[in-house]
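Chemist: the sequence isn't on hand, but the structure is:
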């Protein structure tokens, strides 16, 4: 078997294992939280709003998001496994886990903040066209979607 095919199969197997574990955890936690919420309906924040109508759409969107995240993790692990890194990774211990977790949270929050800062304000639609939809809660109101289409 060629080296490229062997490497491809190794990567796909790694991705499949990470994705399967993440999806299993997603559904276990999701059904567990739903079970707890159903047992305590008086603790609901929005009493009149249930999520059954949106459940299928949100699960599909979550699966796509999980696939992107798992692909990133699989690429990192595969590159490390093949030795294609510029420097060797730190040995994982409590002395490295806590600072790396804090670093990841800071980087993620910075990315989230600046990604939303780059979205245009509602008044400047001259350079991009945004898909709009009529809100079901307030007839006549429009909401802006996150899908941006350059002109």
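Modeler: Thanks, I have it. Treat the numbers as computed from the prediction; the structure is a model and nothing was measured.

Chemist: the helix or strand containing residue 66 - contacts with which helices or strands?
Modeler: Assigning secondary structure by DSSP states H and E places residue 66 in helix 55-82. Helix 55-82 is packed against helix 3-39, with contacts defined by 3 or more Cβ pairs under 8 Å, 6 or more residues apart in numbering; DSSP states H and E. The way it works is simple: take the backbone N, C-alpha and C, and place the C-beta from them, glycine included.

Chemist: quick one: average pLDDT of the helix holding residue 66?
Modeler: Averaged across helix 55-82, pLDDT comes to 94.

Chemist: and residue 71, how close does it get to residue 118?
Modeler: 23 Å (Cβ to Cβ, to the nearest Å).

Chemist: which of these two has more neighbours?
Modeler: Set side by side, residue 71 and residue 118 show more neighbours around residue 71, with 14 against 8, by other Cβ atoms under 10 Å.

Chemist: right, and the more buried one touches residue 12 too?
Modeler: No - counting by Cβ atoms under 8 Å, residue 71 stays clear of residue 12, with 10.7 Å between them.

Chemist: before we move on, the earlier item: mind listing what's buried along the helix holding residue 66?
Modeler: 66, 70, 74, 78 (16 or more other Cβ atoms under 10 Å).

Chemist: residues near the closest residue to the third one other than its chain neighbours, how many?
Modeler: Beyond its immediate neighbours in the sequence, the residue positioned closest to residue 74 (Cβ to Cβ, 6 or more residues apart in numbering) is residue 15, lying 4.1 Å away. Using other Cβ under 10 Å, residue 15 is surrounded by 18 other residues.

Chemist: kindly report the same for residue 103.
Modeler: As a measure of burial, residue 103 has 10 neighbours, counting by other Cβ under 10 Å.

Chemist: dihedrals phi and psi, residue 88?
Modeler: phi -70, psi 140 (degrees, to the nearest 10).

Chemist: with adjacent residues omitted, what lies nearest to residue 82?
Modeler: Per Cβ to Cβ, 6+ apart, closest to residue 82 is residue 7, 7.3 Å.

Chemist: how close does the one you found get to residue 39?
Modeler: Applying Cβ to Cβ to residue 7 and residue 39 gives a distance of 48 Å.
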